[in-house]
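Peer 1: Predicted coordinates and the sequence they were generated for:
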Amino acid sequence: MAKIKSAYFCQSCGYESAKWLGKCPSCNQWNTFVEEVIEKPTAANAAVWKTTVGGTQRVNKPSKLEEIESATEERLPTGDQELDRVLGGGLVPGSVTLIGGEPGIGKSTLMLQLALNIKQKRVLYVSGEESEQQIKMRAERITKTPKADCFILTETSTQNIFKQLEQLEPEILIVDSIQTLHSAHIESTPGSVSQVRECTAELLRFAKETATPVFLIGHITKDGAIAGPKILEHMVDTVLQFEGDRHHIYRILRSIKNRFGAAAELGIYAMHGSGLREVSNPSEVLLSQRDEELSGITIGATIEGARPMVIETQALVSISAYGTPQRSATGFDTKRMNMLLAVLEKRCGFRLSAKDVFLNIAGGIKVEDPAIDLSIIAAIISSHEDIPVSSKICFAAEVGLSGEIRAVNRVEQRILEAEKLGFEQIFISSYNLKGINRDKFKINLVTVSKIEEVFTALFG
Ligand code: TYD
Ligand code: MG
């Protein structure tokens, strides 16, 4: 009997070792090694996607870069403008896209919607998680008129999937999810590092050889990384992250890596009873409708991906009931909030160390753009002093450690967005004025260079 070969894999980064290790030498995580059975493919069980097309093995030769014809990449519109934008202008033939996100966020819904909406393409949706009936029920919620050439396959063995692929020849393949697949070449359980890696490699080969775009849905771990090895992200062409707060209706699709377009691009959806709906005017939906002016609410102009967006930042400052004040932020980095509080304390003399401070970005979205610093600071002071800031004012500037107001990138785009939405004033850094023509804008530009000037301008 042949000896079973096994190796130890770090479940966090995919590092392979012949013996068990306590600490991974590659990613420095502790206690992540798990033994997995591996078996190299032998001639007998090699039923991978055929590398021979028409019986002849293709051999690649080196060619001179200048002799290679530059082909303009053709892009396939997906019928979903937000997804097209995030992908960098549509689907690229032969590309492999990985979509990660928490359970229940709407990954399967997004993909099924794509399968049902894309025009005149034969789509195969492979599901290892749900039954045909479940998918049918979901499809009925999404659309009343089902598409003729959308096929569903409930299967988890890659070899069987490839057999069906050969017969059906779909033009787009969707796999829900990569962690449920298993390949006969590897004996470890589905979802383990070596299985995930092998199945992805097989699908990658299929995509490249048939120029079929493939979507893989991936689970994420507790700390938000895509489950399985990091190399999974290296192998695929595009990594998208589907995120949002499950209690809010808004969902954000972010590109983390994209070989065919800009990374950090962003698409916004709203989850309704009948599936996901594209949100093409995020600023208008993210601003809450309010009749009276309330303290602690300000508006910041941010840029997510290539898109300017106006969002509402809310702060609540109250006297702390306990010795240690509470600090919490939703949708904003807590460390950055603490830094801004320290700046306020030191540079402006606000006594915030005995106060609880809560921050919230409305709509359940996460913002990393430092340009909302000024908006956050204004919200904190507005709540602390209990004086409302006019809802016609918008902010776009970064705040430095010494209380200086710093310039932000693409300020013109932010100003135009604020102007379009009917704001009367926008606070920007005076260092941002270089190269922009003030007369071009109808909105009133208030330029500030120190944090104190902001308060004098706002609260007198
Ligand atoms: P799902 O796509 O199954 O999430 P994932 O594949 O990421 O785990 O989405 C499930 C959630 O979406 C579920 O809680 C119900 C909700 N939903 C709607 O609100 N409306 C709909 O039309 C659909 C299909 C789902
Ligand atoms: Mg799902």
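Peer 2: Done, it's in. Ligands and ions are numbered 1, 2, ... in the order given.
Peer 1: From here on, just use CA atoms for contacts and neighbour counts.
Peer 2: Noted.
Peer 1: wait, what's in contact with E73?
Peer 2: Contact analysis of E73 by C-alpha atoms under 8 Å, 6 or more residues apart in numbering lists V92.
Peer 1: Let me know the pLDDT of it.
Peer 2: On pLDDT, E73 comes in at 70.
Peer 1: How is it assigned, secondary-structure-wise?
Peer 2: For E73, the assignment made with DSSP: H, G, I helix; E, B strand; the rest coil gives coil.
Peer 1: any idea how far it lies from S375?
Peer 2: Look at E73 and S375: by C-alpha to C-alpha, to the nearest Å, they are 41 Å apart.
Peer 1: can you check E74 too?
Peer 2: Taking C-alpha to C-alpha, one finds E74 at 42 Å from S375.
Peer 1: more crowded one of those two?
Peer 2: Using other C-alpha atoms under 10 Å as the criterion, E74 and S375 rank with S375 on top: 26 against 11.
Peer 1: packing partners for the host helix or strand of that one?
Peer 2: Per DSSP states H and E: S375 is located in helix 373-385. Applying 3 or more C-alpha pairs under 8 Å, 6 or more residues apart in numbering; DSSP states H and E, one finds that helix 373-385 contacts strand 297-304, strand 307-319, helix 334-348, strand 393-396, strand 398-399.
Peer 1: Just give me the neighbour total for A148.
Peer 2: 11.
Peer 1: repeat for A18
Peer 2: The local packing of A18 (other C-alpha under 10 Å) involves 10 other residues.
Peer 1: pLDDT of the helix ranked longest in the chain, averaged?
Peer 2: Longest helix in the chain, counting residues (DSSP state H): helix 193-210. Averaging pLDDT along helix 193-210 gives 91.
Peer 1: Give me the helices and strands touching it, please.
Peer 2: With contacts taken as 3+ C-alpha pairs under 8 Å, 6+ apart, helix 193-210 sits against strand 5-10, helix 231-235.
Peer 1: Need the winner for burial among those.
Peer 2: Counting by mean count of other C-alpha atoms under 10 Å, strand 5-10 has the highest mean neighbour count of the helices and strands packed on helix 193-210, with a mean of 20.
Peer 1: re the thing from before, quick one: closest of the helices and strands packed on helix 373-385 to ligand 1.
Peer 2: With C-alpha to the nearest ligand atom as the measure, strand 297-304 is the member of the helices and strands packed on helix 373-385 nearest ligand 1 (22.4 Å).
Peer 1: Can you give the distance of the closest one from its chain's centre?
Peer 2: Remark: strand 297-304 is offset 19 Å from the chain centroid, using C-alpha atoms, centre = their mean, to the nearest Å.
Peer 1: can you pull the buried residues of the longest helix of the chain?
Peer 2: For helix 193-210, a neighbour-count test (16 or more other C-alpha atoms under 10 Å) marks 193-200, 202-207 as buried.
Peer 1: Now that helix - C-alpha only, PDB.
Peer 2: The C-alpha coordinates for helix 193-210 follow below in PDB (Å, rounded to 0.1, in the frame of the first residue of the first chain):
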ATOM      1  CA  VAL A 193      -5.500  25.300   2.900                       C
ATOM      2  CA  SER A 194      -4.400  22.700   0.500                       C
ATOM      3  CA  GLN A 195      -7.900  22.000  -0.900                       C
ATOM      4  CA  VAL A 196      -8.700  25.700  -1.300                       C
ATOM      5  CA  ARG A 197      -5.400  26.200  -3.100                       C
ATOM      6  CA  GLU A 198      -5.700  23.200  -5.400                       C
ATOM      7  CA  CYS A 199      -9.300  24.000  -6.300                       C
ATOM      8  CA  THR A 200      -8.500  27.600  -7.100                       C
ATOM      9  CA  ALA A 201      -5.500  26.500  -9.200                       C
ATOM     10  CA  GLU A 202      -7.700  24.200 -11.200                       C
ATOM     11  CA  LEU A 203     -10.400  26.800 -11.800                       C
ATOM     12  CA  LEU A 204      -7.700  29.300 -12.600                       C
ATOM     13  CA  ARG A 205      -6.400  27.000 -15.300                       C
ATOM     14  CA  PHE A 206      -9.900  26.600 -16.700                       C
ATOM     15  CA  ALA A 207     -10.500  30.300 -16.800                       C
ATOM     16  CA  LYS A 208      -7.200  31.100 -18.500                       C
ATOM     17  CA  GLU A 209      -7.500  28.400 -21.100                       C
ATOM     18  CA  THR A 210     -11.100  29.000 -22.100                       C
END
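Peer 1: Partner strands of the helix or strand following it and their direction?
Peer 2: Using DSSP H and E, the next helix or strand after helix 193-210 towards the C-terminus is strand 214-219. Paired with strand 214-219 in the same sheet, following DSSP bridges, are strand 96-101 (parallel), strand 172-176 (parallel).
Peer 1: from these, which stretch is densest packed?
Peer 2: Sort those by mean neighbour count, taking mean count of other C-alpha under 10 Å, and strand 96-101 sits at the top with a mean of 26.
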